[in-house]
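# Requesting a structural model of the entry that follows:
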Amino acid sequence: MKTENSIDLSIIIPVYNEEESIPALYNRLKEVMSETAYSFELIFVDDGSKDNSLQVLREIKETSAINIRIVQLNRNFGQHPALNAGFSVAEGKVLITIDADLQIDPRHISDMMDKMKQGYDFVSGIRRGKGDSFLLRRFPSLVLNSMIGSIIGKKLQDYGCPLNAMRSEIAETMREYGEMQRFFKPLAIKLADRIAETEVKYDRRLTGQSKYGFLNLVDLFFDFVTNFSKHLFQRVAMIGFGLSGISFLVEILYLVLRFPFGIIQNPLDRLQAIALIGFVFGVQLLILGILGDFVIKIYRKIDPKPLYIIKKIW
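Numbering: from 1, shown residues only. Now for the predicted structure:
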């Protein structure tokens, strides 16, 4: 665990088969950061690339005067585990995450830091532009943003933006949350006190292919639900309790108005049926929520597999 942060920024870049974009990204980062007064380090996390990404990174490190570290994972773990691997070795006061594909210009890092200076703990980008297909990527992302925000309890316009800034203390705290780190941004948002967003220009890819398709987003969401479902099941239980309670009160009110007072003369079979169905359904939701919460607690205790495995650090 770090005892002192002597570097202002740690810029963490997960890399998976990005050999074509890495040189351009490095040059752009060097150009942008040279215009600032921040001390910084670049941390490239090779997430089991199958192309020459690792070799390209090593060549850049050997010839660069910039503080660069390369974290090689022993296989492909995914974007968020790769970021967490980067967090584990970062020495900066503020941690910046950005993708290697240059769809977002690194110059927006300065915008992030302007927000951080205002006392925010986490700053998220809001992508503006036409970087991806609306039907296959952007629309599903909008739906996921809404669902994730509902589960976390904190709304963001763009939970999927790869450009983010957060204080290193949040990353330190995240290590206590096991598998939940697999979704670092929702977890970081949950832990942060003050959150801000800033717009960033989002362009189309110039090289390579996106690692996330529609099915990947669906799979990612179900993994998210598994890890954050404690909150989801709590809400299911609350809905079930409310529905069964309202249905029970409606049935009691009907019986009181019909028999002791005689205000309702004829039997309302449909109302009774709806109230009964609502009560039964509500009880089922309540039981599902309680059991789901219980199962998740067990799952977190018996699932010790590592989030990532670092093979070597250059």
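# Assumed residue 96 was part of a strand.
Yes. Assessed by DSSP: H, G, I helix; E, B strand; the rest coil, residue 96 belongs to a strand.
# so what's it up against?
Neighbour list for residue 96: 9, 10, 11, 12, 109, 112, 163, 164, 165 [criterion: CB atoms under 8 Å, 6 or more residues apart in numbering]. (Each C-beta comes from the backbone N, C-alpha and C, glycine too.)
# again, only this time at 10 Å
Listed by CB atoms under 10 Å, 6 or more residues apart in numbering, the contact partners of residue 96 are 9-13, 29, 38, 40, 42-43, 90, 106, 108-109, 112-113, 116, 123, 163-166.
# So which of those belong to strands?
The strands, defined by DSSP state E, take in 9, 10, 11, 12, 13, 40, 42, 43, 123, 164, 165, 166 from the contacts of residue 96.
# hang on, the third one packs against residue 91?
No. Taking contacts as CB atoms under 10 Å, residue 11 lies outside contact range of residue 91: 11.7 Å.
# ok, the two, which is more surrounded?
residue 11 (25 against 17; other CB atoms under 10 Å).
# who does the more buried one bridge with?
Judged by DSSP bridges, the bridge partners of residue 11 are residue 42, residue 96.
# quick one: contacts for it?
When contacts are counted by CB under 10 Å, 6+ apart, residue 11 touches 29, 32-33, 38, 40-44, 68, 86, 90, 92, 94-98, 106, 109, 165.
# what's the spacing between it and residue 162?
Distance of residue 11 to residue 162, given as CB to CB, to the nearest Å: 12 Å.
# list the helices and strands the helix or strand hosting residue 83 packs on?
Here residue 83, judged by DSSP states H and E, is contained in helix 79-89. Contacts defined by 3 or more CB pairs under 10 Å, 6 or more residues apart in numbering; DSSP states H and E place helix 79-89 against strand 7-15, strand 40-46, strand 68-73, strand 92-97, helix 168-174, helix 184-191, helix 214-258, strand 310-313.
# ok, and for it, which residues are buried?
Residues of helix 79-89 classed as buried by neighbour count (16 or more other CB atoms under 10 Å): 79, 80, 81, 82, 83, 84, 85, 86, 87, 88, 89.
# Which of these sits closest to residue 205?
residue 79 (15.3 Å; CB to CB).
# Isn't the closest one up against residue 98?
No. Using CB under 10 Å, residue 79 makes no contact with residue 98, being 11.6 Å away.
# What is the neighbour count of residue 274?
Using other CB under 10 Å, residue 274 has 14 neighbouring residues.
# would you put the C-alpha positions of the lowest-mean-pLDDT helix or strand in the chain in CSV?
Lowest by mean pLDDT, DSSP states H and E among the helices and strands of the chain is helix 139-152, with a mean of 71. Below are the C-alpha coordinates for helix 139-152, written out as CSV (Å, rounded to 0.1, in the frame of the first residue of the first chain):
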residue,chain,number,x,y,z
PHE,A,139,-28.7,3.1,-27.5
PRO,A,140,-27.9,0.0,-25.4
SER,A,141,-25.4,2.1,-23.5
LEU,A,142,-28.2,4.6,-22.7
VAL,A,143,-30.4,1.8,-21.4
LEU,A,144,-27.5,0.4,-19.3
ASN,A,145,-26.7,3.9,-17.9
SER,A,146,-30.3,4.2,-16.7
MET,A,147,-30.4,0.7,-15.1
ILE,A,148,-27.0,1.0,-13.5
GLY,A,149,-27.9,4.4,-12.1
SER,A,150,-31.1,3.0,-10.6
ILE,A,151,-29.2,0.2,-8.9
ILE,A,152,-26.3,2.3,-7.7
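# distance of the residue positioned nearest the centre of the chain from residue 144?
The chain has residue 185 as the residue nearest its centroid, 3.3 Å off, counting by CA atoms, centre = their mean. Counting by CB to CB, the separation of residue 185 from residue 144 is 12 Å.
# And for residue 27?
Between residue 27 and residue 144 the computed distance is 33 Å (CB to CB).
# Quick check on the two: which one has the bigger neighbour count.
Higher neighbour count among residue 27 and residue 144: residue 144, with 17 against 11, using other CB under 10 Å.
# Distance of the more buried one relative to residue 47?
From residue 144 over to residue 47 (counting by CB to CB), the distance is 21 Å.
# swap in residue 71?
Going from residue 71 to residue 47 by CB to CB gives 9 Å.
# Same check on residue 79?
As judged by CB to CB, residue 79 and residue 47 stand 7 Å apart.
# Can you measure across stretch 8-21, start residue to end residue?
Terminal residues of stretch 8-21 lie 25 Å apart, using CA to CA, to the nearest Å.
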